[in-house]
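Participant: coords below, sequence missing:
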């Protein structure tokens, strides 16, 4: 899948989502990047997507990293689904992915 160059940051209102031990890994040397990433397949709006967790993630807007899901897929989710800050979305993660 060719990914849209940007992610949708989903802030969990309750609970947290620690990076699973079985997460796929993309090392920075493999793609010429600056940081390695843990990757977990998921779905949002019924569309195949991925939760990305960069190794350097220290959280955003005061939230710890396990309270934020960076969702990447093949389209700009904000534009495609007319999302705005504060909208509620559902992210499905397969049991065997965690």
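Facilitator: Perfect, thanks for sending it. Everything numeric here is computed off the predicted structure, so don't read it as measured data.

Participant: how about residues contacting the helix or strand of the chain with the lowest mean pLDDT?
Facilitator: Ranking every helix and strand in the chain by mean pLDDT, DSSP states H and E puts helix 28-31 at the bottom, with a mean of 91. Helix 28-31 is contacted from outside by 34, 35, 36, using Cβ atoms under 8 Å, 6 or more residues apart in numbering. C-betas here are computed from N, CA, C, even on glycine.

Participant: measure the residue nearest to the first one when sequence neighbours are not counted to residue 52 for me?
Facilitator: The one in question is residue 34. Spatially, and ignoring its direct neighbours in sequence, residue 34 is nearest to residue 28 (6.1 Å; Cβ to Cβ, 6 or more residues apart in numbering). Going from residue 28 to residue 52 by Cβ to Cβ, to the nearest Å gives 13 Å.

Participant: quick one: buried ones out of the contacts of helix 28-31?
Facilitator: residue 36 (16 or more other Cβ atoms under 10 Å).

Participant: ok so, going back, so how far is the least confident helix or strand of the chain from its chain's centroid?
Facilitator: 19 Å (Cα atoms, centre = their mean, to the nearest Å).

Participant: list the contacts for residue 45?
Facilitator: Contacts of residue 45 (Cβ under 8 Å, 6+ apart): 77, 81, 89.

Participant: mind checking how far residue 12 is from residue 82?
Facilitator: According to Cβ to Cβ, residue 12 and residue 82 sit 22 Å apart.
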